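Colleague: Below: sequence and its predicted model.
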Amino acid sequence: MLDRNFFLGFIRVHILYHASKEPIYGVELIEELKRHGYALSPGTLYPILHRLEEESLLITEYRIVGGKRRRYYSLTDKGREMLTSARKQIGELMNEVMQG
């Protein structure tokens, strides 16, 4: 079982990745992670999203969907830079770990 801190770090990068493709919302991310075998509660996910927004890595846009207001998150330029850096660093570390 992966340590919670390691897991949440991976989740943050995963969120940035999906937000780089298109605007995302919480329930969609929970379902996406479930497809990978991870059960993440709203009580865990939403604080991560809000923190990423506080760090200016995501921005929020509200849309009306089915008569309800839904909060979508998109990647900022700073978030794109962070994702690019994280991908490079993760790639380097994974190569070392997998070859070692």
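Modeller: Received the coordinates, thanks. Nothing here was measured: the structure is a model prediction, and the numbers come from that model.

Colleague: where does this structure dip in pLDDT?
Modeller: The model of the chain has pLDDT under 70 over residues 1-3, 100.

Colleague: Sketch out the helices for it, chain order is fine.
Modeller: The residue ranges that make up the helices of the chain, judged by DSSP state H, are 4-21, 26-35, 42-54, 77-99.

Colleague: The second one relative to helix 42-54, how many degrees between them?
Modeller: Helix 26-35 runs at 120 degrees relative to helix 42-54, counting by axes from the mean of the first three to the mean of the last three Cα atoms, to 10 degrees.

Colleague: What of the first one?
Modeller: Orientation note: helix 4-21 sits at an angle of 60 degrees relative to helix 42-54 (the same axes, to 10 degrees).

Colleague: Can you dump the C-alpha atoms of helix 4-21 in CSV for me?
Modeller: The C-alpha atoms that make up helix 4-21 are tabulated as CSV, following Å, rounded to 0.1, in the frame of the first residue of the first chain:
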residue,chain,number,x,y,z
ARG,A,4,-0.7,8.6,1.8
ASN,A,5,1.8,11.5,1.3
PHE,A,6,3.3,9.8,-1.8
PHE,A,7,-0.2,9.0,-3.1
LEU,A,8,-1.4,12.6,-2.7
GLY,A,9,1.6,13.9,-4.6
PHE,A,10,0.8,11.6,-7.5
ILE,A,11,-2.8,12.7,-7.4
ARG,A,12,-1.8,16.4,-7.6
VAL,A,13,0.3,15.7,-10.8
HIS,A,14,-2.6,13.6,-12.2
ILE,A,15,-5.0,16.5,-11.6
LEU,A,16,-2.6,18.9,-13.3
TYR,A,17,-2.3,16.5,-16.3
HIS,A,18,-6.1,16.3,-16.8
ALA,A,19,-6.6,20.0,-16.3
SER,A,20,-4.0,20.5,-19.1
LYS,A,21,-6.2,18.6,-21.5
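
Colleague: So for it, what gets flagged as buried?
Modeller: Residues of helix 4-21 classed as buried by neighbour count (16 or more other Cβ atoms under 10 Å): I11, R12, I15, L16, H18, A19. Heads up, the C-betas are built off the backbone N, CA and C, glycines and all.
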